[in-house]
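> Okay, sequence plus prediction incoming.
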Amino acid sequence: MSGGVRSGARLLNRGFGQFAGAWFLSFGVTLMVVLVAAFRARSDLYEITDRVLLGVLAVLAVGWFLSVALALLAPRAPSVSKAVYVLLAGLMLLPLLWAPVLGAVVGAWLTGAAIEYSGVYAQFRIHVAQLLYPVSTGAFHVDLVDVVWNAFQVVATIIGFLASVTSLWPLISQQLGRAVSSTEA
């Protein structure tokens, strides 16, 4: 295997790992903050949820741009690998941004709150629907935004969850292996 191919594979693996880590972390942080806010500051739940979502979405967006810029500036990676990285990063952007929103949705659901009262959630849904409307009308020649929105939620959740599990599994299995070997000794 040539050095350029190895370098390109490393670039793509690093990007996949970054996506998985960012997805899992942003989901978990948002979920925990919403759960804590629901039990400690119920009256300010939606304000806290909006602040957390704004902050996490901003960090994810900046991180995404930095990741793409650094991939494009990678000196040893071939141009084809850089192009594939940018394409995959573009395809993974919405699932990445969905992670903290999903954390807020799950947190609200677990506490019995209505996430629709969150202004950031509402704006996220409106903006994604504006992106999905041309897709749904172009592909199906009918306005199926709600169906496409639901499909987006499912697909984005599955993509993020599977990416997180596949990236984190080596660490988990390594820790489990250590735990099993220490109990056998």
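Nice, I can see it.

> Return the longest helix in this structure, judged by number of residues.
Ranked by residue count under DSSP state H, the longest helix found in the chain is helix 145-184.

> Could I get the average pLDDT for that one?
For helix 145-184, the mean per-residue pLDDT is 75.

> What is that helix packed up against?
helix 3-40, helix 79-111, helix 119-140 (3 or more Cβ pairs under 8 Å, 6 or more residues apart in numbering; DSSP states H and E). The C-beta positions use only the backbone N, C-alpha and C, and glycine is treated the same way.

> Alpha carbons of the shortest one, as CSV, please.
Taking Å, rounded to 0.1, in the frame of the first residue of the first chain, the C-alpha atoms of helix 119-140 are listed here in CSV:
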residue,chain,number,x,y,z
GLY,A,119,-37.3,28.1,20.2
VAL,A,120,-34.1,26.6,19.0
TYR,A,121,-35.7,23.2,18.4
ALA,A,122,-38.5,24.9,16.4
GLN,A,123,-36.0,26.9,14.3
PHE,A,124,-33.9,23.8,13.7
ARG,A,125,-37.0,21.9,12.5
ILE,A,126,-38.1,24.8,10.3
HIS,A,127,-34.7,25.1,8.7
VAL,A,128,-34.3,21.4,8.1
ALA,A,129,-37.8,21.3,6.6
GLN,A,130,-36.8,24.1,4.3
LEU,A,131,-34.0,21.9,3.1
LEU,A,132,-36.1,18.8,2.9
TYR,A,133,-39.1,20.4,1.1
PRO,A,134,-37.3,20.6,-2.3
VAL,A,135,-36.0,17.1,-1.8
SER,A,136,-39.4,15.7,-1.0
THR,A,137,-41.2,17.5,-3.8
GLY,A,138,-38.5,16.8,-6.3
ALA,A,139,-38.2,13.1,-5.5
PHE,A,140,-41.9,12.3,-5.0
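
> Which residues belonging to it are considered buried?
Taking 16 or more other Cβ atoms under 10 Å as the neighbour-count basis, helix 119-140 is seen to contain the buried residues 120-121, 124-125, 128, 132, 136.

> Any stretches of this structure with poor pLDDT?
Scanning the chain for pLDDT under 70 picks out the ranges 1-5, 141-143, 178-185.

> Nearest the middle, which residue of this structure would you pick?
Note on the chain: the residue nearest the mean C-alpha position is L96, at 2.5 Å, using Cα atoms, centre = their mean.
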